[in-house]
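Asker: need a structure here:
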Amino acid sequence: MQDQYTHRVHQEKISAHATLTVVEMPGAPSNIIAVLFLAGSRYDPPGMGGLAHLCEHLFMRRTRTYPNAFDRLRTLERAHVNFSAFTSREIALFIHSQIVQSTHNALDLLIDGMAHTVHRTDDVRREKNVVLQEIREHESDIHQYRFGLGMRALWNGSALARNIMGTPETLNNITLQDVTAYTQRYFAPQNARYLFVGGGYSDNVRAALHAYHETYESDEHVKPTQKNVSHKPVTPRVHIQTDQFGTDVVHVGVYIRTCSIHHEKDRVALALIRNHLADSWTSCLVTELRIMRDMAYWVSADTGYFSDTGYLEITYAVHPKHFAESVHIVTDNVYHIAERGLPEEDLTLQSDDLTAAIQQESMNVSSVFGWYVDDVAHGLPPESLWTFAEKVRMVTPEAIREVAQRYFLPDNIAVVSVGELPPDLRP
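Answerer: Numbering: from 1, shown residues only. Purely as a prediction, here's the structure:
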């Protein structure tokens, strides 16, 4: 079964600085070609929050080849290329997704966007209005709002706590010159890392990228520095609460600060811990909060990693009267792992479940692409899904306990809630 879904993963330098990571999926009818930069909101200059995100909106929008932005979009669609872009706290990525037959059209258009982007004052003005609408939509989404509170709770006062999209005030400070300077500095070819996932790969892809870099790459390589990074919450067990949504339930987030993306062994253990805690009928928190106590409909968990830190997120919704008790249940289960690890039987179950999920992901181009994005962006050696699965099976109960003891500490835990919560029910 493993051989059926094994991908051919290789990485090569296409210039002095830029790399191309290829994940070949034989027989896949589509592929994804993307360029990634370490250029997220964490690196926005003071007073210009949202600059990286705004630049992502404008990059490749209008080029010298396509001075009319709509003509470029129409060309992409006629070539059957789906263009999208995304900014996180540390990464900006630009994605072309297409059927195999459109691979080279997609690559030509990606290179055109990198080489020939043009910025205009009216584009900056219009796109600011788009971002303002995006901010309003996120602020009206309880789940997005809760996540933002969680980031503030863990890293209050640091760049990681910023809203990726900025604020109306910081966006107003950004000029055309700021956009141009940021793009030239961070979205430069020498800072690019490319990721190809799917079917239809050929040496022509590498050759086209190499030719582009021979023409446009300079020797100035930008490595962003982390500024003003706080490694502790303002107070232990900090709690941030808001009732602006007026819901009948309280949406709760428990956030635990963990390791950086560079701590691979800890990430493997944390993936197993995440699955043990939530997201399945037999996970301990779903069992206790849903099946045994009827407090919550479901409990979800997620992990995220940055260049120097990371987080484990546990989220659910409860009636206000159950808020305090539910938080105690969650934290008790977290501390229990630090004290005793996981039983051998439960660890085996989680390993099997995680391996099965990896097998399912291995058949989907978009899922496989998402698997590699963070590692490629941070310059880590590409690791196949199956290599990760093998490492999952090697984790011991003692390793789980050691990782939990390292991170599951009161000073690393923050609780946030969204919904009306009477003062006497707050922790």
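Asker: Count residues in the vicinity of Glu344, would you?
Answerer: 10 (other Cβ atoms under 10 Å). The C-beta positions use only the backbone N, C-alpha and C, and glycine is treated the same way.
Asker: I'd like to know which elements the host helix or strand of Ala207 is packed against.
Answerer: Per DSSP states H and E: Ala207 is located in helix 203-216. The contact analysis (3 or more Cβ pairs under 8 Å, 6 or more residues apart in numbering; DSSP states H and E) places helix 203-216 against strand 19-24, helix 103-116.
Asker: roughly how far is the last one from the heart of the chain?
Answerer: Centroid displacement of helix 103-116 relative to its chain, using Cα atoms, centre = their mean, to the nearest Å, is 24 Å.
Asker: With the first one instead?
Answerer: Here the centre of strand 19-24 is set off from its chain's centre by 19 Å, with Cα atoms, centre = their mean.
Asker: Can you dump the C-alpha atoms of it in CSV for me?
Answerer: Written as CSV, here are the backbone C-alpha positions of strand 19-24 (Å, rounded to 0.1, in the frame of the first residue of the first chain):
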residue,chain,number,x,y,z
THR,A,19,15.6,26.3,-4.5
LEU,A,20,13.0,24.1,-6.3
THR,A,21,11.3,21.3,-4.3
VAL,A,22,9.5,18.8,-6.5
VAL,A,23,6.9,16.2,-5.2
GLU,A,24,6.1,14.0,-8.2
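Asker: partners of that strand, with directions?
Answerer: Using DSSP bridges, the strands paired with strand 19-24 are strand 8-13 (antiparallel), strand 193-198 (parallel).
Asker: out of these, deepest packed?
Answerer: Ranked by mean neighbour count under mean count of other Cβ atoms under 10 Å, these are led by strand 193-198, which reaches a mean of 24.
Asker: For Gly49, see how far away the nearest residue in space to Gly47 that is not next to it in sequence is.
Answerer: Using Cβ to Cβ, 6 or more residues apart in numbering and skipping the chain neighbours, the partner closest in space to Gly47 is Asn173 (5.4 Å). Distance of Asn173 to Gly49, computed by Cβ to Cβ, to the nearest Å: 9 Å.
Asker: The helix or strand where Gln133 lies packs against which elements?
Answerer: Here Gln133, judged by DSSP H and E, is contained in helix 121-139. Helices and strands touching helix 121-139, by 3+ Cβ pairs under 8 Å, 6+ apart, are helix 51-58, helix 142-155, helix 168-173, helix 176-186.
Asker: CA atoms of it as PDB?
Answerer: The C-alpha trace of helix 121-139 is given here as PDB (Å, rounded to 0.1, in the frame of the first residue of the first chain):
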ATOM      1  CA  THR A 121      -1.300  54.400  -7.000                       C
ATOM      2  CA  ASP A 122      -4.900  53.700  -7.900                       C
ATOM      3  CA  ASP A 123      -4.300  49.900  -7.500                       C
ATOM      4  CA  VAL A 124      -2.900  50.500  -4.000                       C
ATOM      5  CA  ARG A 125      -5.900  52.700  -3.100                       C
ATOM      6  CA  ARG A 126      -8.500  50.200  -4.400                       C
ATOM      7  CA  GLU A 127      -6.800  47.200  -2.800                       C
ATOM      8  CA  LYS A 128      -6.700  48.900   0.600                       C
ATOM      9  CA  ASN A 129     -10.500  49.100   0.300                       C
ATOM     10  CA  VAL A 130     -10.600  45.400  -0.500                       C
ATOM     11  CA  VAL A 131      -8.500  44.600   2.600                       C
ATOM     12  CA  LEU A 132     -10.700  46.800   4.800                       C
ATOM     13  CA  GLN A 133     -13.700  44.700   3.700                       C
ATOM     14  CA  GLU A 134     -11.600  41.600   4.400                       C
ATOM     15  CA  ILE A 135     -10.900  42.900   7.900                       C
ATOM     16  CA  ARG A 136     -14.600  43.500   8.600                       C
ATOM     17  CA  GLU A 137     -15.400  40.000   7.400                       C
ATOM     18  CA  HIS A 138     -12.800  38.400   9.700                       C
ATOM     19  CA  GLU A 139     -14.000  40.500  12.600                       C
END
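Asker: Now do the buried residues in stretch 104-124.
Answerer: Using 16 or more other Cβ atoms under 10 Å as the test for burial, stretch 104-124 gives 104-114, 117, 119, 123-124.
Asker: next one: stretch 345-355
Answerer: Using 16+ other Cβ under 10 Å as the test for burial, stretch 345-355 gives 346-347, 349-351, 353-355.
Asker: Give me the distance from stretch 388-398 to the chain's centre.
Answerer: Distance, centroid of stretch 388-398 to centroid of chain: 23 Å (Cα atoms, centre = their mean).
Asker: Residues contacting it, please?
Answerer: Contact partners of stretch 388-398, identified using Cβ atoms under 8 Å, 6 or more residues apart in numbering, comprise 264-265, 268-269, 271-272, 341-344, 347, 351, 354-355, 358-359.
Asker: Now the two most distant members of the residues you listed.
Answerer: The most widely separated members of the contacts of stretch 388-398, counting by Cβ to Cβ, are Gly341 and Gln359 (25.9 Å).
Asker: Between those two, point out the one with more neighbours.
Answerer: Remark: of Gly341 and Gln359, Gly341 carries more neighbours, 22 against 16, as counted by other Cβ under 10 Å.
Asker: Using the three-state scheme, assign the closest residue in space to the more buried one that isn't next to it in sequence.
Answerer: Using Cβ to Cβ, 6+ apart and skipping residues adjacent in sequence, the residue nearest Gly341 is Arg401, 3.3 Å away. Secondary structure state of Arg401, per DSSP: H, G, I helix; E, B strand; the rest coil, is helix.
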